[in-house]
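> below are the sequence and a predicted model; questions follow.
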Amino acid sequence: MKDNASRKTIIGTVVSDKMDKAVTVQWEVRKIHPFYKKFITWHKKLKARDDGNEAAKGDVVKIMATRPLSKKINWRLVEIIEKTQRG
């Protein structure tokens, strides 16, 4: 069987967990502008499959690219890196 090491992985923060078995993950990229020498930050939101409904809003998670699971979900949750303090 093929190793999953070649698949793209992203570390981001869960911004929504309202869906059943799915979460919205936001990740940001910071790069320095080649001419102005200032940092440029941009964000991207992705929907990821979370079969166990384990991730909650504010958690730092690792997601991996996968085959299309639904119309907008092409990523799946690999692990929860950091849990938030709830309550």
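Good, I have the coordinates.
> only C-alpha atoms for contact and neighbour calcs from this point on.
Fine.
> mind checking how far the residue of the chain most remote from its centre is from Trp42?
What lies farthest from the middle of the chain is Phe35; by CA atoms, centre = their mean that is 30.4 Å. Per CA to CA, to the nearest Å, Phe35 is found 18 Å from Trp42.
> ok, back up a step: pLDDT score for the residue farthest from the centre of the chain?
We have a pLDDT of 97 for Phe35.
> could you do Arg86 as well?
Looking at Arg86, its pLDDT reads 72.
> what helix or strand is the residue farthest from the centre of the chain on?
Under DSSP states H and E, no helix or strand contains Phe35.
> which parts of the chain are helices?
Counting by DSSP state H, one finds no helices in the chain.
> can you give me the strands in it?
9-16, 22-32, 39-49, 60-65, 75-82 (DSSP state E).
> quick one: contacts for the residue nearest to Val23 when sequence neighbours are not counted?
Nearest non-adjacent residue to Val23, counting by CA to CA, 6 or more residues apart in numbering: Asp17, 4.7 Å away. Going by CA atoms under 8 Å, 6 or more residues apart in numbering, Asp17 touches 23-24, 55-57.
> Gly58 versus the closest residue to Val25 other than its chain neighbours, what's the distance?
Once flanking residues are discounted, Val25 sits nearest to Val14: 4.4 Å by CA to CA, 6+ apart. Between Val14 and Gly58 the computed distance is 5 Å (CA to CA).
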